[in-house]
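Peer 1: Need coordinates for the following:
(2 chains)
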Number of protein chains: 2
Amino acid sequence: MREQQVNVGIIGLGTVGTGVARILLQQRELLKTRSTVTFNLKTIAELDWQKDRGLDLTGVKCTTNADELLDDPDINIVVETIGGYEPAFTFIKRALQNRKHVVTANKALIATRGKELFKTARENGVDLLFEASVGGGIPIIKGLREGLIANRIKSIYGILNGTCNYILTRMHQDELEFSEALKGAQEKGFAEADPTLDISGGDSAHKLTILGSIATNSFIPFDKLYIEGITGISKLDINFAKTLGYTIKLLAIYQAFKDGVDLRVHPTLVNNFHLLSAVSNELNAIFVQGDFVGSTMFYGPGAGERPTASAIACDIVDLSRDLLLKEGERYCNRTINPNMDVKLIPIDEVSNRFYLRFFTKDMPGVLAKISGSLARYNISISSMVQLETHGKDNYVPIVILTHEALERSMKLALEEISQFEFVKDDYLRLRIF
Amino acid sequence: MREQQVNVGIIGLGTVGTGVARILLQQRELLKTRSTVTFNLKTIAELDWQKDRGLDLTGVKCTTNADELLDDPDINIVVETIGGYEPAFTFIKRALQNRKHVVTANKALIATRGKELFKTARENGVDLLFEASVGGGIPIIKGLREGLIANRIKSIYGILNGTCNYILTRMHQDELEFSEALKGAQEKGFAEADPTLDISGGDSAHKLTILGSIATNSFIPFDKLYIEGITGISKLDINFAKTLGYTIKLLAIYQAFKDGVDLRVHPTLVNNFHLLSAVSNELNAIFVQGDFVGSTMFYGPGAGERPTASAIACDIVDLSRDLLLKEGERYCNRTINPNMDVKLIPIDEVSNRFYLRFFTKDMPGVLAKISGSLARYNISISSMVQLETHGKDNYVPIVILTHEALERSMKLALEEISQFEFVKDDYLRLRIF
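Peer 2: Alright, predicted model coming up:
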């Protein structure tokens, strides 16, 4: 077997970058045994060299200047682990232009500006890999792109954000309100100081965009996704869901139809018979359905220094194989063709089952009016709960589950119902999976 | 991108071979889009050409003579889907010697005679892939070998046999005895006419051998595994397990210790809080724990024409990449080094928690004697159930759960207990996970 040495450079020594340095140093022999390649961590660019990261960087060139890595002809693979849009984008683009393979965990960047980066990669005959961008350590991208390569992907759905799943699990198990659960998550390090991107559903949507792009072999426009976060979920709704045999999860959903694809992120009632309902805390789980394989599921830690490093190391090893190929034979991100288009079906045209929760005045005729509105828009009720709990003020909560109905119809029915003076305006509409 | 065409030959057009032919024909365009390769199904060798398999084989050379494929210099990849030991072994070996890459789903062959086949592959600079041999359509081998390549694998455990899982699920959900559930499984096509290999645990052990070999990068000797099947499980035990909050599953378990590895297959009480307890019917699920990634799980259909074809197609596409490399650069099954040895820890030296079920005469002193024996071998009881059900004859069932104890100690204690004349000899010892 021919000896192969690959020189790796890392830009950014935060949590993820530290993990990548650690795995390359610590598992060097293991990686050599398994891949026959010697991975040499040559250079790290990082602005803050004061912090002690518990790494022995003897023999590694430590610099504050990313150019020393981007312009080094000996570096074969650049790992970008600074996150955010800039300067990450500029660094990745320059690395690709300098014909270096690039690995990143930067889901926001891939989802929003991946098109340009993939084009740059193709033009320069190199690859941009991003296994760690979805599902942390779970090899979901490899599983989808390679393991299920011979399948037309019918649907992908799952829990892609550990922060939201942790918060919802705490709300379910400890009977907390959203704000209390969020605070707990921040204290335990499962939520950022500014948790907006997570709890708004934006992070899940970034990841869904990436999975959808692989499934369709095109580039899904992130800005067209329907995204709803979990901030509107209350303890009351969690309890109603429980009573009805459901668990509320933030799901990211991709479905392929004949006339286009449906991608959306929203809190969802998952039946307790479904395996996803049992995926708790900060864990992630993704179902993938293909026309040959049927239904498969990938489960594991969606974030963290070590799981993320595991995924990035997988990309690095894969790229060492690419380096053996002639330029014209490389993959060059053929999986996501930046020039291929796919039609997104607007949420209005999608059908779902719904969970509706209203606070209404406790008086005659309320139910008749609400059900009348639903009927007018062809929405049929599958079950209804009005417990003798005393709601806020003089209002009582009513929960209605519907059969499948068009989103557009539901929107119109809710506009009508919310006009009734006996209905408080903080009603909630969730979807049922 | 350079045009690449790969010629594929299939030996054996049973369920799996038919699936492979179908996927290659039906997904030809999809595979080309995703891999840039044209996969040409050139030849199929099969003895029975009378059967209608619903395939349009126009342009495919159909023969009854495997030589026409093994000796054809144009065939790049041979897919072996006849199963069994011979002539499968001879065909695979000849294909490798003729420097063709080989794909197989033949777990029995890989587990028992893989060592020789991997050596032959290495000597001839070609690869022998076997994604479909474990977990059917689930890309578990790719996930383990590539996705988690940078991890030392601490443990692998899961449900690897769909037949047993279907039988146990039916016993749990429909309150059936083993023989009734087996009969149902045979009627529904989830069990073979001769189900011995499945229900004895042998099939799970074949698969575990393969996973363990990948995890250790050596070749695990199949004949040293501890294997126990599910034929001894009764409705009574299922119900006791249920009462205690457990589900009985046939688990395949791999654990790495400092001084060796522990591999075994046996029915196991799985706590209902664990995700594995919810994996029902014919489905498979495998947990893999690595030192960086933590705990991951792969789930899906473990058998069937289409899932198996999905996995074989994945191997075929991977091999098309290998074909682009120079001989010395190919993987050649480096993942499992047939020359590397690893120490297997005998079951006697392993510790487990135990479930013990006895039928004893309903008389004073019984419990004192049984618990005395357990104490003598340092086995401590964690809980005990003696229901007022009336057992067989004049015997009543007693169930004891123990804390962790050495297998050797349990064996000795059971030898002693089984000598008591008040204990019927059809006692049951299961392990708790």
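Peer 1: Surely A:Val60 is in contact with A:Leu41?
Peer 2: Yes: between A:Val60 and A:Leu41 there is a contact under C-beta atoms under 8 Å: 5.4 Å. All C-beta spots, glycine's among them, are computed from the backbone N, C-alpha and C.
Peer 1: okay, whichever helix or strand A:Leu367 is part of in PDB with CA atoms only?
Peer 2: Following DSSP states H and E, one finds A:Leu367 within helix A:366-376. Provided in PDB are the C-alpha atoms of helix A:366-376 (Å, rounded to 0.1, in the frame of the first residue of the first chain):
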ATOM      1  CA  VAL A 366     -69.300  28.700  21.600                       C
ATOM      2  CA  LEU A 367     -68.700  25.200  20.200                       C
ATOM      3  CA  ALA A 368     -71.400  25.500  17.600                       C
ATOM      4  CA  LYS A 369     -69.800  28.700  16.200                       C
ATOM      5  CA  ILE A 370     -66.300  27.300  16.200                       C
ATOM      6  CA  SER A 371     -67.200  24.000  14.700                       C
ATOM      7  CA  GLY A 372     -69.400  25.900  12.200                       C
ATOM      8  CA  SER A 373     -66.400  27.900  11.000                       C
ATOM      9  CA  LEU A 374     -64.300  24.800  10.600                       C
ATOM     10  CA  ALA A 375     -67.100  23.100   8.700                       C
ATOM     11  CA  ARG A 376     -67.400  26.100   6.400                       C
END
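Peer 1: list the buried ones in the helix or strand following that helix?
Peer 2: Scanning forward in sequence from helix A:366-376 by DSSP H and E, the next helix or strand is strand A:381-385. The neighbour-count check on strand A:381-385 (16 or more other C-beta atoms under 10 Å in any protein chain shown) flags A:Ile381 as buried.
Peer 1: higher neighbour count, A:Val60 and A:Leu41?
Peer 2: A:Leu41 (22 against 19; other C-beta atoms under 10 Å in any protein chain shown).
Peer 1: Could you list the low-confidence segments of chain A?
Peer 2: Applying pLDDT under 70 to chain A flags the ranges A:1-2, A:331-334, A:389-392.
Peer 1: thinking again about what came up before, the helix holding A:Leu367 - contacts with which helices or strands?
Peer 2: Counting contacts by 3 or more C-beta pairs under 8 Å, 6 or more residues apart in numbering or on different chains; DSSP states H and E, helix A:366-376 packs against strand A:351-361, strand A:381-385, strand A:395-402, helix A:407-417.
Peer 1: residues making contact with it?
Peer 2: With contact meaning C-beta atoms under 8 Å, 6 or more residues apart in numbering or on different chains, helix A:366-376 is reached by A:358, A:360, A:380-381, A:384, A:386, A:398, A:400, A:402, A:413, A:416-417, A:420, A:422-423.
Peer 1: which one among these gets closest to chain B?
Peer 2: A:Thr402 (27.3 Å; C-beta to the nearest C-beta).
Peer 1: Give me the neighbour count for the closest one.
Peer 2: 22.
Peer 1: and the nearest residue to it once chain neighbours are set aside, what are its bridge partners?
Peer 2: Closest residue in space to A:Thr402, ignoring its immediate chain neighbours: A:Phe354 at 4.5 Å, by C-beta to C-beta, 6 or more residues apart in numbering or on different chains. In this entry, A:Phe354 is beta-bridged to A:Arg431, by DSSP bridges.
Peer 1: Could you check how far A:Phe354 is from chain B?
Peer 2: Taking C-beta to the nearest C-beta, to the nearest Å as the measure, A:Phe354 falls 26 Å from chain B.
Peer 1: What of A:Ile345?
Peer 2: Where chain B is concerned, A:Ile345 sits at a distance of 21 Å (C-beta to the nearest C-beta).
Peer 1: Would you confirm that that residue contacts A:Arg264?
Peer 2: No: using C-beta under 8 Å, A:Ile345 makes no contact with A:Arg264, being 9.7 Å away.
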